[in-house]
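>>> just to be clear, the model below is a prediction. Sequence and coordinates:
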Amino acid sequence: MSESVDTASLPDHKEPDLSYRERFPLLALIIQRLMLSLALLLAVSVLIFGGVEALPGDFATTYLGQSATPQAVANIRKDLGLDRPVTTRYFEWLGNAVQGDFGTSWASRNSVSEQIGKRLGNSLFLALCAAVISVPLAVGLGMLAVHFRNRIPDKIINVVSLAAISLPEFFIGYLLILFFAVKFGIATFPATVYDSMAFVERLKAVALPVATLVLVVLAHMMRMTRAAILSVMSSAYMETAELKGLGAFRSIVRHAAPNAVAPIINVVALNLAYLVVGVVVVEVVFVYPGMGQYMVDAVTVRDMPVVQACGLIFAAVYILLNMLADILAIIANPRLRHPR
Amino acid sequence: MHERLQSLLSVRDLKIEAKIYPQGEAPRDVTILEGVSFDLKKGKVLGLIGESGAGKSTVGLSTLGYGRGGIRITGGEVLLNGQDILKLGRSGLRSLRGAKVCYVAQSAAAAFNPAHRLGEQVIEASVEHGIMSREEARERAVYLFRVLGLPNPESFGERYPHQVSGGQLQRAMTAMALCPNPELIVFDEPTTALDVTTQIDVLAAIKHAIEETGIAALYITHDLAVVAQVADDIMVLRNGKTVEYGTAQQIIEAPKEDYTRALVSVREMQHEEAVDQSRPLLRLDNINAAYSNVLQVLFGVSMHLPKGQTLAIVGESGSGKSTLARVITGLLPPSAGKIVFDGEELPKALAQRTREHLRRIQMIYQIADTAMNPRQTVRDIIGRPLSFYYGMRGRRKTERVGELLEQIEMGPQFLDRYPAELSGGQKQRVAIARALAAKPDLILCDEPTSALDPLVAEGILKLLMRLQAETEVSYVFITHDIAIVRAIADSVAVMHRGKLVRFGPRHVALSPPFDDYTDLLLKSVPEMRIGWLEQVLKTRRMASAGN
């Protein structure tokens, strides 16, 4: 019997903190995760701003090209407020960003927020399509691999997924274009979408980029699902289930699944985050008007407000999804849901 | 034939094989059990006893038609009510398991699913097999919780496995096995993972439940004293074969085979107590310690130990005895108090201690497996302290490793073996040699024998005593086993909930008058005689009636 030491003898001043954590460990942990995420986001914003600031090259010289006289460069820098100290500009940028205003693009003089609004929607649509296909497929294949463990189907699934994981996404993208768009002509390329497009048309346009993304994230999720279920299947309580004479279906649904959920949620969230961020390369390959394309274009002309905004939003999505995964995993843990 | 019809369970000439996968060789089948036969009548208990690897659990699980890993039953019969369960198909086995034959695992903590409430798991088999309705099963579960002495039987089932203690979980597991009214229950070391004070309650509960319901049981354990309390018949197994099979009385009181005799007398090792207090080595003064500065686990603990003697620290899990060892080694700096070693106050934290301090205090762990690098040979493991503390190299080092192997009664043929190629007892011997290599003044032994089989453990204890006589090393020996204390200790410290409840020379500490906790602890240690449990329970009932 591992009774804890009786609390009466603990130092008094620790009492309130301890009891709050002991009474609501779930809430305490979730709040802790939220705070951590916020702190992380703040740190990332510093890194993004600092990193962009430290980049070699300068918008003014790139923009002016041959006609970059020192006077013209200074004028543009003054126009854009670049002559003010870095910290002032950072806090101004952060303050506006918190209110949803990412400033105006230096290159096009458009509002960055407005541009991003449209393009983020496009990117999320792409990621969502890929997620809707890949998550059930990965979990299903993972279960299939467990069922046929160490037999031919398992080995085929493993080899194919390993191959897909090993090829970079731009290469898979070009392969798909070569075969499905060029040789067989059954898919459209480039994957251009516009506002007035019908939904079915839109789906058709994104088919190839979605397929690329699915192939890239599928393997990882599938392998982790397989590993998570296998580790649960080898635990003592699964033997108990078998020795109770339960059928395979009930054992898996009732005894294995609840315990495999947390690790699977984690890897799914990680891959969803990767989907949203990983679209950068895929969008460029397929000339898809999303966030990634926008960011890459902005980098080439040193359009810093756009680069910073895209970077921050990507980071926010990544952190948000990981935080959600953490919180869901915490909630899935009966030890935290039902404290002693 | 008549005899057979009466038996509930009749095992005939059981043969069990397993596929092993030796490294670099083709997989092959090995026989792990052969020629085992026994009968079990309704309402009787058969104790299966033997060291690890003897095949006890394998026999137990075969009565459910189940083999762990690659284990297959390849010969013989397992007749339950005259029907051979080895001939049952998948669905036949499924309707047998959890209905007619139930299993109680060694580690209830691992065997319960952490995601579901205890009550649901207890009634699951009964409901799934259609033996009773959900309501009836719930009522029966509450009844069983009460019979097994669980707190708040009405609401106990609402709790999750992590919300109750180890002893309660083990009783809940017994309730789970009893719930569908099976004909046979297999208890697989149900009390091995428990403290003695908890073990006695669980044992009593199991015995009471068996008497109450009249079912038959197989009781598997490595502890003869435990099985003597519950079994009618006992079978001694070794290396997959029957050594001796008879009534409990005959096995305990008149064992025929040498191996059984050794098992019966294993706890009789005695040690002459040293009394010389003139050469102090270690003194702890009012030690307080806490984890993360919040959870205090040691409260003003003081004790001392002379040179060349053994101090046994006794207590159940959570009593703070391992924490005390961490404090002495410096791994956990005490929040208050003093550690005086050979007349000099030791720095509290490990980082402030000199290499000489480190050399003079060595440690032996409970699980030798995890305390050794699996990728190092015995030569490297024992040689490391030699080069670290003494800068030895080359031939001198090899010679010294050879001497140390000699000291632990192992030959030079072990030099280039890896830990995986050693038995449990040999691993612990190598760990002892590694500690000895530093020529320490003090070795902290943290339950070094509790994971070993009784005869192997006895060998380790004898080795430790011989080494002490030869090298004058002192031991702080952490244990929960009173028999070991009697076998090796010169002085005894009893810990309970982080406090020292008793300290003194062994003959004083283990003689009356006792404080309440030491009394309970001593009375909970099973004795190697039939009827011990009944007697203890009777005294307890009388004591509570007297109050």
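That came through fine. Numbering: from 1, shown residues only, chains lettered A, B, ... in the order given.
>>> contacting residues around A:R302?
Residues in contact with A:R302 (C-beta atoms under 8 Å, 6 or more residues apart in numbering or on different chains) are A:55, A:57-59, A:62-63, A:106. C-beta: built from backbone N, CA, C; applies to glycine.
>>> may I ask which of these comes out lowest in pLDDT?
Across these, the bottom pLDDT score, 67, is held by A:G57.
>>> residues of the stretch 101-250 of chain B that sit close to chain A?
By C-beta under 8 Å from any C-beta of the partner chain, the residues of the stretch 101-250 of chain B that approach chain A are B:102-103, B:105, B:107, B:110-116, B:124-125, B:128-129, B:159-160, B:162-163, B:165-167, B:195, B:197-198.
>>> where do the helices sit along the stretch 101-250 of chain A?
Per DSSP state H, counting those that start in this stretch, the stretch 101-250 of chain A carries helices over the ranges A:112-147, A:152-166, A:169-176, A:199-233, A:236-243, A:248-250.
>>> by how many degrees do the longest one and helix A:199-233 diverge?
Yep, that's helix A:112-147 we're talking about. Between helix A:112-147 and helix A:199-233, the angle comes out at 50 degrees (axes from the mean of the first three to the mean of the last three C-alpha atoms, to 10 degrees).
>>> so helix A:112-147, near chain B or not?
No - using C-beta under 8 Å from any C-beta, helix A:112-147 never reaches chain B; the gap is at least 16.0 Å.
>>> what of the fifth one?
Yes - using C-beta under 8 Å from any C-beta, we find that helix A:236-243 touches chain B at A:236-237, A:239-243.
>>> and the angle for that helix with helix A:199-233?
Helix A:236-243 and helix A:199-233 meet at an angle of 90 degrees, taking the same axes, to 10 degrees as the criterion.
>>> related to what we said a few turns ago, switch the helices of the stretch 101-250 of chain A over to JSON lines; also include mean pLDDT.
Below are the helices of the stretch 101-250 of chain A laid out as JSON lines (pLDDT from 0 to 100):
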{"stretch": "helix A:112-147", "mean pLDDT": "86"}
{"stretch": "helix A:152-166", "mean pLDDT": "85"}
{"stretch": "helix A:169-176", "mean pLDDT": "86"}
{"stretch": "helix A:199-233", "mean pLDDT": "86"}
{"stretch": "helix A:236-243", "mean pLDDT": "92"}
{"stretch": "helix A:248-250", "mean pLDDT": "83"}
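>>> so which of the ones you listed comes closest to B:L86?
Across the helices of the stretch 101-250 of chain A, B:L86 has its closest neighbour in helix A:236-243 (16.1 Å, C-beta to C-beta).
>>> what comes into contact with that closest one?
Counting by C-beta under 8 Å, 6+ apart, A:232, A:250-251, A:254-256, B:64, B:66, B:68, B:97-98, B:102-103, B:105, B:107, B:110-114 sit against helix A:236-243.
>>> now, which of the residues you listed lie within helices?
Among those, DSSP state H puts A:232, A:250, B:110-111 in helices.
>>> contact partners for B:T518?
B:494, B:501-502, B:509 are the contacts of B:T518 under C-beta under 8 Å, 6+ apart.
>>> so which of the residues you listed are in strands?
Among those, the members falling in strands are B:494, B:501-502 (criterion: DSSP state E).
>>> any chance of a ChimeraX selection covering the buried ones in the residues you listed?
To isolate the buried subset of those in ChimeraX, counting by 16 or more other C-beta atoms under 10 Å in any protein chain shown, use the following:
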select /B:494,501,502
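>>> turn the ones in strands among the contacts of B:T518 into a markdown table, columns for distance to B:A543 and pLDDT.
Shown next, in a markdown table, are those (distance: C-beta to C-beta, whole Å; pLDDT from 0 to 100):
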| residue | distance to B:A543 | pLDDT |
| --- | --- | --- |
| B:V494 | 21 | 93 |
| B:V501 | 20 | 92 |
| B:R502 | 20 | 92 |
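>>> and the ones in strands among the contacts of B:T518, which is closest to chain A?
B:V501 (14.5 Å; C-beta to the nearest C-beta).
>>> so the closest one is in contact with B:L520, correct?
No - B:V501 lies out of contact with B:L520 (C-beta atoms under 8 Å); the separation is 10.7 Å.
>>> circling back to that earlier point, want to throw the helices of the stretch 101-250 of chain A into CSV with mean neighbour count and distance to B:M410?
Formatted as CSV, these follow (neighbours: other C-beta atoms under 10 Å in any protein chain shown; distance: least, C-beta to C-beta, whole Å):
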stretch, mean neighbour count, distance to B:M410
helix A:112-147, 19, 44
helix A:152-166, 14, 44
helix A:169-176, 17, 57
helix A:199-233, 20, 37
helix A:236-243, 21, 34
helix A:248-250, 11, 48
